[in-house]
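Q: Any chance you can model this:
(one chain, ligands or ions: 1)
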Amino acid sequence: MRALSFGAVAERYERYRPGYPEELADLVLGFAGRPIGSALEIGAGTGKATRLFAARGIAVTATDPDQAMLDELRKHVGVRTIRAAFEEVPTGERYDLVYAAAALHWTRPDGRWDRVAALLKAGGAFASFGGPVRLVDPAVERAVSEARAPFLDTDEFPSPDGTPPEREMQWPGTELLQDARFTDVRQVTIPQRLTVSASAFVGLLSTISAYLQLPEPERAWEAISRVLPETVEIEGGVVAHLARRT
Ligand SMILES: C[S@@+](CC[C@H](N)C(=O)[O-])C[C@H]1O[C@@H](n2cnc3c(N)ncnc32)[C@H](O)[C@@H]1O
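A: Model prediction:
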């Protein structure tokens, strides 16, 4: 199952996926506009976003259905963890902040916003952020697409509600805008450019679920490796959606 494909590559995930910039914590905490004591994280994975918020003194409860991801998370950050898909997270407790990093699209749409609303204190903040990693040089991007084509049309996740990419407001902002339990909906992009070696770029691809579904993903990674220069520049910008519980 694609949503649970990450655990098998938890160490690689930790090693090759870019982390989240400090500006993201500044953005979310600034948006919250009041002290954040507690947070629930949906799909925490290896804890790349967990450590950002834990380092700001927030008591984060990190949840994820995948034990291998949580085992890796515990090596990097000491927070409460719950092994659970979002659909199973107990709703008895309310938090100042509920957030998801590159994970909300894996949760089931049915009742998603009911659960987020139930987990937030009145006036609490919701944040969902992530974004595809793209090659900056169009010539390298073209060469990589051609090398990938026999295996995959794209390695990006389609918009969960089918919002066309040219629309200003993207998912999940689109859904939050239609839900009266949320207000002050915003979309903010934080650019983040990195230069990585070709092998680190392929390492990054080796953590992306689209490849992990292939019967022989190594063939795709090898084909892509052959067209890469020694180093590549990547745009790993973070698109954040923010909203406040009414
Ligand atoms: C792309 S990873 C993101 C991990 C981490 N948040 C990060 O930003 O590095 C997606 C995570 O979502 C988790 N996941 C899959 N299905 C889920 C669900 N139904 N509820 C919550 N998390 C889920 C996976 O186990 C995986 O750890």
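
Q: Now whatever residue of the chain ends up closest to the ligand. Nearest residue, chain neighbours left out?
A: For the chain and the ligand, the shortest gap (C-beta to the nearest ligand atom) falls at G45, measuring 2.3 Å. Where you see a C-beta, it was placed from the backbone N, CA and C, and this is true even at glycine. Here the nearest residue to G45 in space, its sequence neighbours aside, is M69; by C-beta to C-beta, 6 or more residues apart in numbering that works out to 4.8 Å.

Q: now the one you found: how far from R83?
A: 9 Å (C-beta to C-beta, to the nearest Å).

Q: Pick out whichever of these two has more residues nearby.
A: Neighbour count, other C-beta atoms under 10 Å: between M69 and R83, M69 has more, with 25 against 14.

Q: Next, the contact list for the more buried one, please.
A: Each residue near M69 by C-beta atoms under 8 Å, 6 or more residues apart in numbering is listed here: 6-7, 10, 13, 44-46.

Q: cool, L152 as well?
A: Per C-beta under 8 Å, 6+ apart, neighbours of L152: 210-211, 214, 220.

Q: Just list the residues touching the closest residue in space to S5 that isn't next to it in sequence, thanks.
A: Distance criterion C-beta to C-beta, 6+ apart; nearest residue to S5, sequence neighbours excluded, is L212 at 4.2 Å. Residues near L212 by C-beta under 8 Å, 6+ apart: 2, 5-6, 8-9.

Q: Any stretches of this protein with poor pLDDT?
A: 1-4, 7 (pLDDT under 70).

Q: residue boundaries of the strands in it?
A: Applying DSSP state E to the chain gives strands spanning 38-42, 59-64, 80-83, 95-101, 120-130, 134-135, 182-190, 193-197, 231-235, 238-245.

Q: nearest to P18, of those strands?
A: With respect to P18, and counting by C-beta to C-beta, the nearest of those is strand 193-197 at 6.0 Å.

Q: Pull out the buried positions in that closest one.
A: Neighbour counts over strand 193-197 (16 or more other C-beta atoms under 10 Å) mark V196 as buried.

Q: Report the central residue of this structure.
A: A102 (1.2 Å; C-alpha atoms, centre = their mean).

Q: That one and G130 touch, don't they?
A: Yes - between A102 and G130 there is a contact under C-beta atoms under 8 Å: 3.6 Å.

Q: Can you give me the neighbour number for R134?
A: Using other C-beta under 10 Å, R134 is surrounded by 12 other residues.

Q: My guess is it contacts V239. True?
A: No - using C-beta under 8 Å as the test, R134 is too far from V239 to be in contact (12.0 Å).

Q: if we can go back for a sec, buried ones among the contacts of M69?
A: Applying 16+ other C-beta under 10 Å to the contacts of M69 flags 6-7, 10, 13, 44-46 as buried.

Q: next one: phi and psi at D66?
A: With angles defined as degrees, to the nearest 10, D66 sits at phi -100, psi 110.

Q: So what's the residue count around it?
A: 22.

Q: Then the one 4 residues further on?
A: Residues contacting L70 under the criterion other C-beta under 10 Å number 22.

Q: If anything else comes up later, I'll come back, but that's it for now.
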